[in-house]
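**Q** One predicted model, sequence on top.
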Amino acid sequence: MNNITHKPTSLRKAVATAIVKVSKQETVDAILNKQVPKGDVFEFSRAAGLLAVKKTSDLIPDCHPLPVEYAAIKHTIDGLNIIIEVEVHTVYRTGVEVEAMHGASVTALTMYDMLKPIDKSVEISSIKLAQKKGGKSDFKDKLSFDLRCAVVVCSDSVAAGSKQDSAGKAIVQKLQQHGLNASTYVIIPDEREAIQTKAKQFSEEAYNLLLFTGGTGLSPRDVTPEAIAPMLTREVPGIMEAARVYGQERMPYAMLSRGVAGFIKNTLVLTLPGSTRGAEETMDALFPYVLHIFRVAEGMRHSAD
């Protein structure tokens with residue numbers, strides 16, 4: 001199975017359909033009048049489909065076990081076609097489209113099995129995914145301009161040359177994965193004045209996104225939040241709250257990160273941990289979702305869904 005531990009949880013929905021075609025109106029009438037010898041076709045097949053949704057990971061090897069938090073199955077008659085619609089919801093790290101299609105498949109097979117004594121020409125067709133929502137792909141914003149990005153590494157040891165930077169380079173790579181280019185990458189010591197000088201410089205140079213890494217912990221030299229917070233013209237506390245919640249699910253010490261986020265005029269400033277793992281996890285927690293802030297700044301309204 002694919003590793004999905006880096007994915008944040010979100011509401012995922014999927015709708016799958018299948019068609020059962022009978023060969024004569026008498027079969028439809030028998031279903032509606034509950035005269036099929038094996039029992040109530042709609043209720044039996046609905047129960048079988050719900051069980052199938054919940055048991056998908058037991059039968060499909062690469063499917064992750066996940067909490068099914070809503071499932072509904074309905075039948076619609078259209079002439080000799082009986083359309084099955086299966087809707088599944090979860091709040092998890094991966095989608096439920098296979099669960100929905102598995103449910104539609106088993107619902108259709110159950111109907112076939114129950115109807116074959118009275119109709120030898122029943123057919124199953126068009127098992128397919130009709131709709132899918134949630135997940136990272138639904139939250140990718142296409143901006144009308146290229147973001148100017150800068151990465152600033154705050155570290156006494158890296159600035160002194162006694163240690164190699166890996167956190168800043170990891171951030172640059174993560175930006176590239178989201179189609180963003182860090183046109184500036186600099187290393188400075190953990191000095192409040194140096195941090196504020198760079199923040200002021202890049203804001204005045206009209207950078208859109210400025211990412212600091214390092215100095216968000218609790219050691220005496222960690223001063224990045226103290227340097228950046230007074231400069232913010234508009235704080236966005238939810239950004240780093242989301243990062244800490246994400247990190248806390250993976251590392252108990254994430255609660256100790258004091259990172260802040262917000263705008264200095266038109267520049268969004270994020271302060272990430274100095275550890276490579278902490279920086280990578282923060283990027284995974286925030287991107288691409290945080291880019292929505294630039295669409296909102298352009299005047300776009302939030303989706304009603």
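**A** Happy to help now that I have it.
**Q** In this protein, where is pLDDT below threshold?
**A** For the chain, the stretches with pLDDT under 70 are 136-144, 298-305.
**Q** mind running it again at 50?
**A** For the chain, the stretches with pLDDT under 50 are 304.
**Q** could I get the lengthiest helix in it in CSV with only the CA atoms?
**A** For the chain, the longest helix by residue count, based on DSSP state H, is helix 97-115. The C-alpha trace of helix 97-115 is given here as CSV (Å, rounded to 0.1, in the frame of the first residue of the first chain):
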residue,chain,number,x,y,z
GLU,A,97,-14.0,5.9,-4.7
VAL,A,98,-13.1,2.2,-4.6
GLU,A,99,-15.4,1.7,-1.6
ALA,A,100,-18.2,3.3,-3.6
MET,A,101,-17.6,1.2,-6.7
HIS,A,102,-17.2,-1.9,-4.7
GLY,A,103,-20.5,-1.2,-3.0
ALA,A,104,-22.2,-0.6,-6.4
SER,A,105,-20.7,-3.9,-7.8
VAL,A,106,-21.9,-6.0,-5.0
THR,A,107,-25.3,-4.4,-4.9
ALA,A,108,-25.6,-5.2,-8.6
LEU,A,109,-24.4,-8.8,-8.2
THR,A,110,-26.9,-9.4,-5.4
MET,A,111,-29.7,-8.2,-7.6
TYR,A,112,-28.5,-10.4,-10.4
ASP,A,113,-28.4,-13.4,-8.1
MET,A,114,-31.9,-12.8,-6.8
LEU,A,115,-33.4,-12.1,-10.2
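**Q** mind listing what's buried in that helix?
**A** For helix 97-115, a neighbour-count test (16 or more other C-beta atoms under 10 Å) marks 97-112, 114-115 as buried. To be clear about C-beta, it is placed using only N, CA and C from the backbone, and glycine gets the same treatment.
**Q** Strands of the stretch 201-305 of the chain, start to end?
**A** Assigned by DSSP state E, counting those that start in this stretch, the strands in the stretch 201-305 of the chain fall at 209-213, 234-235, 261-264, 267-272.
**Q** Could you do the stretch 1-150 of the chain as well?
**A** Listed from the start of the chain, the stretch 1-150 of the chain has strands (DSSP E, counting those that start in this stretch) covering 10-21, 70-78, 81-92, 123-133, 149-154.
**Q** for those strands, which one ends up most surrounded?
**A** Burial of the strands of the stretch 1-150 of the chain is given as mean neighbour count (mean count of other C-beta atoms under 10 Å); strand 149-154 ranks first at a mean of 25.
**Q** Identify the residues contacting that strand?
**A** Contact with strand 149-154 is made by 159, 165, 167-168, 171-172, 175, 180-190, 195, 198, 202, 207-215, 224, 274, as judged by C-beta atoms under 8 Å, 6 or more residues apart in numbering.
**Q** Equivalent analysis for stretch 126-135, please.
**A** Outside stretch 126-135, the residues that touch it by C-beta under 8 Å, 6+ apart are 10-19, 85, 94-95, 97, 100-101, 104-105, 108, 305.
**Q** re the thing from before, identify whichever of the strands of the stretch 201-305 of the chain lies nearest to Val290.
**A** strand 267-272 (7.6 Å; C-beta to C-beta).
**Q** Could you list the paired strands of that closest one along with their orientation?
**A** strand 209-213 (parallel), strand 261-264 (antiparallel) (DSSP bridges).
**Q** ok, residues contacting it?
**A** 167, 171, 199, 202-203, 206-216, 224-225, 228, 231-232, 236, 239-240, 243, 259-263, 278-279, 282-283, 286, 290, 293-294.
**Q** Just the ones of the residues you listed in helices?
**A** Going by DSSP H, the helices hold 167, 171, 199, 202-203, 224-225, 228, 239-240, 243, 278-279, 282-283, 286, 293-294 from these.
**Q** who touches Asn81 in this structure?
**A** Residues in contact with Asn81, defined by C-beta under 8 Å, 6+ apart, are 19-21.
**Q** and it, bridged to which residues?
**A** Beta bridges link Asn81 to Lys21, Asp78, judged by DSSP bridges.
**Q** so how far is Pro273 from it?
**A** Distance, Asn81 to Pro273, using C-beta to C-beta, to the nearest Å: 57 Å.
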